[in-house]
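# coordinates only, no sequence provided:
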C-alpha cells in the first residue's frame, strides 16, 4: 500500500494566528504531520508521498530533522489544489494501489487500519471514504481519508485536474467514523491546542 498526504494548503482561514503550513499546526503540542506519520507506522506502507505547496521548505525541513526512518517518505510540490496533486502523483507513477489518501490538515479520530481493512473486504469497491454523520447538514461529511483501488487509479486522467479531489469520490463506499479534527478552521485550531489524545 502507498500513502499520499495532501499537505499543500495555505491555511488562509487561520491567519493571523497561524501562517506556517497547516500540517505543522501543533495538536496537543505535537505537529499534526508527526501524529499522522506515526499513525501510519503499523500499516507499513511501501511509500508515503507528501504533496506539498505553501511554504514547502518548512515541511521538508521538519521531516528531515525528525526520526521517521520507519517510513519511506518522498515529497513533491503542487500549487494547484488537491485534484492536481492526486492526478499528478498517479499519472507520474509516484504512487500505486491500493492508495490511502489523507488530508494533511485533519487528524483521524479512528483507526486507519480498520478503514483499509473495510475497503479490502469489499471486493470490487473502487474507493472507500471515511465519513462522519453531521445531523445539522442532514448528510455525511468527508473525514479526510479514503482508500483508492487500482481501478480508481486507472480511471484518473489529465481531465480530472479541474476538479476538487472529494468530487472524485462521489459514489464511493462509505466507512462511518466517530470523528476527526480539522485544524484548518479557527475552531479546529483551538481544539488542536487543547487536544489530549
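Nice, I can see it. Predicted model only: the values in this text are computed from it and were never measured. Numbers count the residues shown, from 1 in each chain.
# can we go C-alpha only for contacts and neighbour counts from here?
OK.
# how deep is residue 74 tucked in, by neighbour count?
Residue 74 is surrounded by 14 other residues when neighbours are defined as other C-alpha atoms under 10 Å.
# which strand or helix spans it?
Counting by DSSP states H and E, the element that carries residue 74 is strand 73-77.
# other residues contacting that strand?
With C-alpha atoms under 8 Å, 6 or more residues apart in numbering as the contact definition, strand 73-77 has outside contacts at 8, 47, 48, 49, 50, 51, 52, 53, 56, 60.
# adding distance to residue 95 and secondary structure, write those residues out as TSV.
Compiled in TSV, those are given as follows (distance: C-alpha to C-alpha, whole Å; DSSP: H, G, I helix; E, B strand; the rest coil):
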residue	distance to residue 95	secondary structure
8	17	coil
47	7	strand
48	8	strand
49	7	strand
50	11	strand
51	11	strand
52	15	strand
53	18	coil
56	20	helix
60	19	helix
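# filter the residues you listed to the buried ones?
By neighbour count, with 16 or more other C-alpha atoms under 10 Å, these hold 8, 47, 48, 49, 50, 51, 52, 53, 56 as buried.
# and of those, the nearest to residue 97?
Taking C-alpha to C-alpha as the measure, residue 47 is the one of these closest to residue 97, at 11.0 Å.
# my guess is that closest one contacts residue 72. True?
Yes: A contact is recorded between residue 47 and residue 72 when judged using C-alpha atoms under 8 Å, the distance being 5.2 Å.
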